[in-house]
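Chemist: I'd like to go over a predicted model; first the sequence, then the structure.
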Amino acid sequence: MDIQHLRYFLTVSRTLNYTKAAEELYISRQAVAQAVRQLETELQSPLLINRKNALALTPLGLVFQKEAAKIVRAFGQFEAAMMKQAGDKKNELKIVMGAGIVLNLSAEIFARFSTAYSSILLSTKEEDNETILRHVTEGEAGLGLIGTTPAYIQGFRYCLIKKSDLHVCMHVDHPLAKKVSLTFQDLKDVPMVGFGEKYDLHRYYVQKCHENGFSPTFSIITADVNISRNLVLENRSVSFAFPDYRKDTHPSPSKVKVLPLNLGETDDWGIYAITRKDEEITLAQQLFIEFMQSQARMESPATAAGVR
C-alpha cells in the first residue's frame, strides 16, 4: 500500500467529499478517487459508499480509517527519525499562534507531540492575528495557529485543526445568564469586550452583527485577559470565551456563566494551521498538522480536515 494513498483516504474519510478532499490536498479529484479505488482493489472490498448523494464509510471503511491513521502516524515517526539521522536542519519548527490557542488545544498536546517526535524542536510564541500572518509570510515562522475562518486566510495554505464554536462569558447576574444558548441577535446593544482589528474574532463579530442588522456595542477594546475578566466580574460587559473554557480555571468561577453562541450549521470558524502557499510543506509541518488533527479527532470526531 502507498502511504500517500492512505493519507488521501484519511482526508476523504474526514471530509466525506472527494472534491473537498482534492482541494485540501492540492491534487485533482480524479487522483483522490483513484487512490481510494486502488486501496479498495487491494482490500477487495469497498471503503466508501454513496448514501442519498452523500459519501459514507462502510463498516470496513471505519475499521480501516482507524488502522490507516495508526500506520500514517507510525510512518511519520519513522520519517522524523530519518530526518534526525540525516541531520536535517529543518527539524526546528517555529510556530506563532493566537492568544488562547494553547488553552483551547491544551498545552498537553504540544508536550505529547514533543514526546512522539523528539527529533522536532518546537519553538512557539503568541501574537495577534495580523502579526501571525506577517511572520508566516516573511518566513519568520514556519507555521501559524490561528482562530479564524477561511475568508481571512485565502492567501495561505491552510487546514482546519479543530472546529471551534464560540462561547460568551458573563456575570451570573447578567440578564443573558438566564438563557441556555445565545444568538447574535441576543447581543444587540449588549456591551462586549472587543479585541481590535488585528484579531479575526473581532472583525468576525463585527461582520456577524452587521449581517444581523445592527452595529456592535463595545465596552472597551483590549486584548488583555485580566481587563476582560474584571469587566465581566463587575457585570459591566460580556466577553468571548473559548469553547473548552472551564469555569474552574477562572479566579471567581461561582460568579461567571459561559453560554454557547449559535453560529449556524454552515459556519466555519475554528482553529486553522497556516503555511506559505509558495513553499512546499515540510515534513515537520506535515507531522505537526497531522498530529494536531488526530488529537482533535480524539476529543471531538469529525472536526479536522486536510490541507488546503
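Modeler: Cool, the structure landed. Numbering: from 1, shown residues only.

Chemist: list the buried ones in the helix or strand hosting Ser228?
Modeler: Assigned by DSSP states H and E, Ser228 falls within helix 225-233. Residues 228-229, 231-232 are the ones in helix 225-233 that count as buried (16 or more other Cβ atoms under 10 Å). Heads up, the C-betas are built off the backbone N, CA and C, glycines and all.

Chemist: in terms of secondary structure, what does it contact?
Modeler: strand 166-171, strand 192-194, strand 218-221, strand 239-241 (3 or more Cβ pairs under 8 Å, 6 or more residues apart in numbering; DSSP states H and E).

Chemist: please identify which of the ones you listed is closest to Glu280.
Modeler: strand 166-171 (33.8 Å; Cβ to Cβ).

Chemist: now what about that closest one, what contacts it?
Modeler: Strand 166-171 is contacted by residues 176-177, 182, 187, 201, 232-235, 238-243, 245, 255-261, 263, 269 when judged by Cβ atoms under 8 Å, 6 or more residues apart in numbering.

Chemist: equivalent analysis for stretch 137-156, please.
Modeler: Against stretch 137-156 from outside (Cβ under 8 Å, 6+ apart): 93-98, 100-101, 104-105, 129, 132-136, 158, 161, 164, 200-201, 203-204, 267-277, 282, 284-285, 288-289, 308.

Chemist: Three-state assignment for Asp278, please.
Modeler: Here Asp278 is recorded as coil under DSSP: H, G, I helix; E, B strand; the rest coil.

Chemist: pLDDT score assigned to it?
Modeler: Predicted confidence (pLDDT) for Asp278: 88.

Chemist: which residues does it contact?
Modeler: Per Cβ under 8 Å, 6+ apart, neighbours of Asp278: none.

Chemist: got phi/psi on it?
Modeler: phi -90, psi 10 (degrees, to the nearest 10).

Chemist: do the one 3 residues further on as well
Modeler: According to degrees, to the nearest 10, the main-chain angles of Ile281 amount to phi -70, psi 130.

Chemist: what about it, how many neighbours?
Modeler: 17 (other Cβ atoms under 10 Å).

Chemist: I'd say it and Arg157 touch.
Modeler: Yes: with contact defined as Cβ atoms under 8 Å, Ile281 reaches Arg157; the gap is 6.8 Å.

Chemist: tell me the angle of the helix holding Ser228 relative to strand 166-171?
Modeler: 60 degrees (axes from the mean of the first three to the mean of the last three Cα atoms, to 10 degrees).

Chemist: got the contact list for helix 225-233?
Modeler: 99, 169-171, 193, 219-220, 222, 237-239, 250-252, 255-256.

Chemist: go with 7 Å
Modeler: Here helix 225-233 makes contact (Cβ atoms under 7 Å, 6 or more residues apart in numbering) with 169-171, 193, 219-220, 222, 237-239, 251-252, 255-256.

Chemist: before we move on, what about stretch 194-214?
Modeler: For stretch 194-214, with Cβ under 7 Å, 6+ apart as the criterion, the contacting residues are 128-130, 146-149, 152, 184-185, 188, 215-216, 218, 221, 223, 240, 269.

Chemist: buried members of the residues you listed into ChimeraX, please.
Modeler: To isolate the buried members of the contacts of stretch 194-214 in ChimeraX, using 16+ other Cβ under 10 Å:
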select :128,129,146,147,148,149,152,184,216,218,223,240,269
